[in-house]
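have a look at this prediction, sequence included:
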Amino acid sequence: MAHNHHHSHSHTDLKGKNLIISILLNILITVSQVIGGLVSGSLALLSDALHNFSDVLSLIVSYIATVLSKKKASTNKTFGYKRAEIIAAFVNAATLIVVAIILIKEAIERFIEPMEIESNLVIWLSILGIAANGFSVLLLKKDAGRNMNMKSAYLHLMTDMMASVAVLIGGLLMKFYQMYWVDATLTLAIALYLIYMGYDLLKESTRVLMLFTPNTIQVQHIVETISKIDSIKNVHHVHIWQLNEDEIHLEAHIDFLQDIKLSEFDLILDQIEEEVFHKFGINHVNIQPEFGKCDVKQIIVQD
């Protein structure tokens with residue numbers, strides 16, 4: 001089985017230093033908000049602290065995954081740790097949803113039993129959360145656009161910054177208008193937003209972990225493209241999957257019209273690689289050549 005690939009994927013510097021800074025800032029916010037929430041009685045502040053704590057854990061997971069992803073492959077880990085960041089993205093997306101469910105439960109309980117809240121402390125601590133999370137968001141924004149792991153960490157921080165803005169608005173309304181029900185309402189709104197943001201990332205990372213074909217690729221189009229090459233009779237037994245952010249793999253069996261030489265096959269393989277890379281972004285190609293072999297000729301075959 002012939003195998004080749006384009007060395008076109010860049011190994012992006014994922015700014016581990018920025019992750020560490022963000023971790024330290026979120027530890028500071030979490031401790032401050034837990035103390036402030038207990039003193040003031042603000043559920044929104046305590047829920048924001050819980051979310052910040054989940055941020056700390058998610059950032060630690062992201063940092064570990066970033067470090068692991070740079071480790072080299074070995075005889076018992078032939079892909080190395082390239083999927084570590086996808087696992088981190090999945091875990092972080094799942095925690096967003098779990099935290100959201102906890103917040104919904106707490107918000108409902110506070111609706112049933114409302115209580116007066118020390119709004120001044122809520123206001124100042126929410127400002128601290130906005131500043132620290134806002135700075136962390138800026139640190140991770142560049143890498144979030146090109147890496148699923150960093151996107152998961154970025155989403156945790158972005159949603160937490162927005163939560164702090166909501167808590168600030170709630171604190172001001174409670175201070176000047178005694179609208180204490182706003183605390184539980186904002187908690188509920190934050191939770192629903194977390195579910196909304198976490199679901200897409202959870203679905204995306206699950207697709208990669210399950211080796212599903214990327215949404216941007218149509219298998220039939222690839223088969224048709226390869227089949228147009230002279231001397232190719234049939235393309236079947238196709239597998240396409242995304243290993244990580246940088247690598248999309250194609251594996252297929254190809255029937256040839258004639259019993260060609262190995263050197264001729266190499267030229268055809270080069271042509272296939274160029275076609276699928278430039279048209280579909282596939283940078284790892286693994287082809288099994290066949291001539292007159294009696295096997296299943298379906299495009300998709302369950303191994």
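Happy to help now that I have it. Residues are numbered from 1 along each chain as shown.

got the domain boundaries for this structure?
Split into domains by automatic domain parsing, the chain comes to 2-209, 219-290.

how about those, which one is nearest residue 299?
domain 219-290 (5.3 Å; CB to CB). Any C-beta I mention is one placed from the backbone N, CA and C, and that applies to glycine too.

after the helix or strand harbouring residue 200, next one along is what?
If you go by DSSP states H and E, residue 200 is part of helix 181-209. Next helix or strand after helix 181-209 toward the C-terminus (DSSP H and E): helix 219-227.

now the helix or strand just after that following helix - C-alpha only, PDB.
Next in sequence after helix 219-227, counting helices and strands by DSSP H and E, comes strand 232-242. Coordinates of each C-alpha in strand 232-242 appear next as PDB, following Å, rounded to 0.1, in the frame of the first residue of the first chain:
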ATOM      1  CA  ILE A 232      -7.900   4.200 -13.200                       C
ATOM      2  CA  LYS A 233     -10.900   1.900 -13.500                       C
ATOM      3  CA  ASN A 234     -12.500   2.100 -10.100                       C
ATOM      4  CA  VAL A 235     -12.100   3.900  -6.700                       C
ATOM      5  CA  HIS A 236     -13.500   2.000  -3.700                       C
ATOM      6  CA  HIS A 237     -13.100   1.200   0.000                       C
ATOM      7  CA  VAL A 238     -12.700   4.900   0.800                       C
ATOM      8  CA  HIS A 239     -12.000   6.300   4.300                       C
ATOM      9  CA  ILE A 240     -11.600  10.000   5.000                       C
ATOM     10  CA  TRP A 241     -10.900  11.300   8.500                       C
ATOM     11  CA  GLN A 242      -9.400  14.300  10.300                       C
END
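
buried set for the helix holding residue 200?
For helix 181-209, burial by neighbour count (16 or more other CB atoms under 10 Å) applies to 182-191, 193-195, 197-198, 201-202, 204-205, 207-208.

who does it touch, helix- and strand-wise?
helix 43-69, helix 84-112, helix 148-177 (3 or more CB pairs under 8 Å, 6 or more residues apart in numbering; DSSP states H and E).

out of the ones you listed, flag the one nearest residue 296.
Judging the helices and strands packed on helix 181-209 by CB to CB, what sits closest to residue 296 is helix 84-112, at 30.5 Å.
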